[in-house]
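Asks: one predicted model, sequence on top.
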2 protein chains.
Amino acid sequence: MSSPNTLSIFSQTVTTVGSVGEVALIQQIQEVIGRNSPPPPEGIGDDCAVWTPPENEKVLLTVDPIIYGKHFSDKDAPELVGGKLLKRNLSDIAAMGGSPGPALLSLAMGPDLCLDWLMRFIKGLAETCEKFRVPLSGGDVAAAEMQTFVATLTQTGTALNPISRMGAELNSPIYVTGTLGGSIHGKHLRFVPRLEEGKWLASQENVLSMTDVSDGLAKDLPALLKRGRQANLDLAEIPVDPFSDGIEGAFCDGEDYELLFTLEPGTKLKDWPFAIPCHKIGHVRKSRGQGTLIDINTGKPLEFSRDGYEHFQN
Amino acid sequence: MSSPNTLSIFSQTVTTVGSVGEVALIQQIQEVIGRNSPPPPEGIGDDCAVWTPPENEKVLLTVDPIIYGKHFSDKDAPELVGGKLLKRNLSDIAAMGGSPGPALLSLAMGPDLCLDWLMRFIKGLAETCEKFRVPLSGGDVAAAEMQTFVATLTQTGTALNPISRMGAELNSPIYVTGTLGGSIHGKHLRFVPRLEEGKWLASQENVLSMTDVSDGLAKDLPALLKRGRQANLDLAEIPVDPFSDGIEGAFCDGEDYELLFTLEPGTKLKDWPFAIPCHKIGHVRKSRGQGTLIDINTGKPLEFSRDGYEHFQN
């Protein structure tokens, strides 16, 4: 795996993107991407990338950035940061039960960004593209203010039958894959997007709705519920990660990138074929007006000292 | 049209995005976008946007950002900045001869971004979506460092027969739409992407290759030529814009967003049906090793004091 980072991301002394110029920069990026971008017009090099999705499937579109100072720091290995950018988008494709199509990368970079750091970032992205068979088909590089690094990835996908967030019914059982909480101790970089699991779930007739847990169960579970519904949860069944600081971390840490889904009322998940665990954590019920997430043992709403990941706190 | 901007983009005194929180912010953005985003899962609100492209057409994908301090300043009306973000992406769809599909918006914003400025930006974007019938189907908002505004738009499109940049043959005539140069005096914000013209050109049997002039003719015309080819140009035929500072502006200013294309050798453009002009400016010839752009009257390579738009100059 990648060694911890020993480079600063920005510098005045080593070679920076500002010192090499746009044409040479794009050339170097393309060399590192290599065979992970097909020849144009399917890959990098034309005004648009051209893509022929599989017949009869619907197209899925999602976009997520990775931002210096917010999603990663100088301490993180640039290869892992590049991989994370792709994987967090693939997690959204998994959450619809889709298969990934081509991706586009848009980079806004200060001229003081270290060239070596950028090339290691691209290498990690390209290796992750290879692993998940995602063609990196296009993108853009643009100069931004000093000390800025915003990488935005657009991920396409396809699905015969995309599973939306909405669709849970009264009395639907609620399930979640894997374990929750403590992602800051490494999982936020090293997680595996649940693509296989998502596709399998989309092929099951009794799966009604699905999302990925990116902001924490406390924020993502209410987003599955229609107005007038609540989730009754058995806290003993919540799969708390060993790295989580207790049950609050499992609800509020975010960046779990696990799948959260609901089934047809009165049905069960049959023959779960994967190594990672999958837990039934509760049921959708009619709201009693006390709150959205209810502890079935006390009958009271769950309360946490924080609210799931909030992007704009000052 | 929009009045000039009287708001600062960043502030410590008026209401900022950092003071309203993510949930309220997304809600306000969605209100301004209104009917320009369809209900989920086709529009904003699910893990991915779901799209069904027209049968038998190829999908086009492009991405371009707009960055504070690089592509616009405090002086520009935020509505025009929002419109420009969409239009520069639509120009890439036009350059392939495509029709626009849904778009995704990703915003990386400092917490000190003025809420009013952002809402006027979104309003301009939404009105431009309406004008060009582009559904704004998804996106993301993320916090960035203070004084940062990077808006990245992904534009999809479709075409039966996408026209690539490559394909010009020896002796192909070279054409360009509209006028070139001086875009900084207003055209860089107020241009109209040549979607209708691009579609019509893609339907003509003798159009071999096409691109849009975004970085200036000096940079975009060589990109149409294979190795070992040069462009012989009749400078008297270059459509210099009245706002351009002479012929050098027409080659080097960039942000013209006009279409540059080549035809089957020995053929002409027949019955150009549009109000904007379209000029034959030269021919593709075998390279004599002197340069890529040659003035036919002197037989010498064109030389300019600058090189077309270069994104990473320090």
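Replies: That came through fine. Numbering: from 1, shown residues only, chains lettered A, B, ... in the order given.
Asks: A:Cys278 - how many residues pack around it?
Replies: A:Cys278 has 17 neighbouring residues, counting by other CB atoms under 10 Å in any protein chain shown. All C-beta spots, glycine's among them, are computed from the backbone N, C-alpha and C.
Asks: where do the helices sit along chain A?
Replies: Assigned by DSSP state H, the helices in chain A fall at A:17-20, A:22-33, A:78-95, A:115-132, A:187-190, A:195-203, A:217-220, A:246-252.
Asks: just name the most buried of these.
Replies: With neighbours taken as mean count of other CB atoms under 10 Å in any protein chain shown, the helices of chain A reach their highest mean count in helix A:78-95, at a mean of 27.
Asks: got the angle for that one vs helix A:22-33?
Replies: 70 degrees (axes from the mean of the first three to the mean of the last three CA atoms, to 10 degrees).
Asks: what helices and strands are in contact with helix A:78-95?
Replies: Using 3 or more CB pairs under 8 Å, 6 or more residues apart in numbering or on different chains; DSSP states H and E, the elements in contact with helix A:78-95 are strand A:58-67, strand A:99-109, helix A:115-132, strand A:149-159, helix A:187-190, helix A:195-203, strand A:207-213.
Asks: including mean pLDDT and distance to A:Ser172, could those go into JSON lines?
Replies: Listed next are those as JSON lines, based on pLDDT from 0 to 100; distance: least, CB to CB, whole Å:
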{"stretch": "strand A:58-67", "mean pLDDT": "98", "distance to A:Ser172": "23"}
{"stretch": "strand A:99-109", "mean pLDDT": "98", "distance to A:Ser172": "26"}
{"stretch": "helix A:115-132", "mean pLDDT": "98", "distance to A:Ser172": "30"}
{"stretch": "strand A:149-159", "mean pLDDT": "98", "distance to A:Ser172": "21"}
{"stretch": "helix A:187-190", "mean pLDDT": "95", "distance to A:Ser172": "27"}
{"stretch": "helix A:195-203", "mean pLDDT": "98", "distance to A:Ser172": "14"}
{"stretch": "strand A:207-213", "mean pLDDT": "98", "distance to A:Ser172": "6"}
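Asks: so can I have TSV of these showing distance to B:Gly139?
Replies: Shown next, in TSV, are these (distance: least, CB to CB, whole Å):
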stretch	distance to B:Gly139
strand A:58-67	6
strand A:99-109	13
helix A:115-132	21
strand A:149-159	10
helix A:187-190	22
helix A:195-203	21
strand A:207-213	17
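Asks: closest one to A:Ile29 among the ones you listed?
Replies: Ranking the helices and strands packed on helix A:78-95 by their distance to A:Ile29 (criterion: CB to CB) puts helix A:115-132 first, at 5.5 Å.
Asks: identify the residues contacting the closest one?
Replies: A:2, A:5, A:7-9, A:14-17, A:19-20, A:25, A:28-29, A:32-34, A:36, A:77-83, A:85-87, A:90, A:100, A:103, A:105, A:107, A:109, A:134-136, A:151, A:193, A:195 (CB atoms under 8 Å, 6 or more residues apart in numbering or on different chains).
Asks: before we move on, what about stretch A:178-187?
Replies: Against stretch A:178-187 from outside (CB under 8 Å, 6+ apart): A:191, A:194, A:213, A:216-217, A:238-258, A:276-277.
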